[in-house]
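Visitor: A structural model of the following input is requested.
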Amino acid sequence: MKLYTSLARIAFSLTLVVSLFVATLSQVAAVASIPAGIHILRIEEVTEAAELTQDMGVDDVWTYVTIPFTLADLDRPQEWQDFFDTAASKKMIPLVRLTTAFEDESWNVPTKKNIVDQITFLSKLQWPTDKKHIIVFNEVNHSKEWGGTVDPEEYARLFAFTANWAHTEEQNFVVLPAALDLAAPNGRSTVEAFTFLSQMEASHPDVLLLADAWNSHSYPNPGFSASPQRSGQNSLSGFKLELAWLQEHTGKEFQVYITETGWDVSGSLDRWMASYYQYAVSHIWSDPSVVAVTPFILQGSPGPFSGFSFLDETGEPTTQYVAYQKALKNHYAPSDFLLAKIQVIE
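Guide: Okay, the predicted model is just below:
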């Protein structure tokens, strides 16, 4: 019996190795990835992003990087091509979040021309993989993210326009909606996430079905400081409630990209980071529905995001960096890697 079990495991391992080899022969056709990554603010940070997520002793496996794309970036085609080329060499899959311009203490509401210009720009570039992931703006249940107002009906209309335009480009775009702030209440400047989704659906039935996958900001609230074992809407597992709601309202089972998450360690959380990240990697982000996880943020120091930053103001790794990298190494160690979760991105 022991011999049979050993032979079966060897056969399984060889089969998976062959599958991985075939999957990574051509980055255009398909790549094997794991749900690990990081959120960056500048395209110049991609090399440092790769150093964080891919120092695991595992070859030919891709990770993810979330990056905003502003209207000002329309004047930087060569810099963006260089970013994509570097991402390809580092085996990182970009999740490009469309943004506009920040004026009068909020992000401008996009026009249809803005959207067409951004998709046209991105269509002309050579991406690292055949699939081109775009995120249609950010936390639109906050007024500061939508021209100083919260307007589910307008967002639904512009999301539908963006998804339809991207899908008719024949460029293999993967369209993700704006992640919502799951901790936002109903108030003067915010709308609770599921209320926002319900209002989107009421104004434009079936609009959510235009999303190719879901996008979530599942933070450990309250205060970005809760234990990863906490459950519920405002927890690290908040995406599970979103997926359940979507299943009930659309009949579709979505995969999810967690493009923001993580802890604010500006208080006294440093001593918990190792155990928190290990639990998150092994028990939450390993959920079969999760395609990618890009904690916020690689370089946020100095500034308002310094408590979330994986690098300090001198560029040195913080407690977050060390804890996250160690958790990834432990979970995806070469000896256990063949038993870990692998996604093949067609």
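Visitor: With just CA atoms, put the host helix or strand of A274 into CSV.
Guide: Following DSSP states H and E, the helix or strand that holds A274 is helix 273-279. The C-alpha trace of helix 273-279 is given here as CSV (Å, rounded to 0.1, in the frame of the first residue of the first chain):
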residue,chain,number,x,y,z
MET,A,273,2.6,40.3,11.3
ALA,A,274,4.3,36.9,10.9
SER,A,275,1.4,34.9,12.2
TYR,A,276,-1.2,37.1,10.5
TYR,A,277,0.3,36.8,7.1
GLN,A,278,1.0,33.1,7.5
TYR,A,279,-2.7,32.5,8.4
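Visitor: Check the secondary structure at the most centrally placed residue in the chain for me.
Guide: The C-alpha lying nearest the average C-alpha coordinate of the chain belongs to T259 (CA atoms, centre = their mean; 2.6 Å). When states are read from DSSP: H, G, I helix; E, B strand; the rest coil, the local structure at T259 comes out as strand.
Visitor: what does F194 give?
Guide: F194 ends up helix, using three-state DSSP.
Visitor: Could you measure from it over to F310?
Guide: Per CB to CB, to the nearest Å, F194 is found 31 Å from F310. C-beta: built from backbone N, CA, C; applies to glycine.
Visitor: and what of I297?
Guide: Distance from I297 to F310, by CB to CB: 7 Å.
Visitor: just Q81 next, same as before
Guide: According to CB to CB, Q81 stands 26 Å off from F310.
Visitor: Between the two, point out the one with more neighbours.
Guide: Taking neighbours as other CB atoms under 10 Å, Q81 and F310 compare with F310 leading, 27 against 14.
Visitor: ok, that one touching Q320?
Guide: Yes. Contact criterion CB atoms under 8 Å: F310 and Q320 qualify, at 5.0 Å.
Visitor: Overlap in contacts, those two.
Guide: Counting by CB atoms under 8 Å, 6 or more residues apart in numbering, the contacts common to F310 and Q320 are P295.
Visitor: Which phi and psi values does K132 adopt?
Guide: Backbone torsions for K132, taken as degrees, to the nearest 10, come to phi -120, psi 110.
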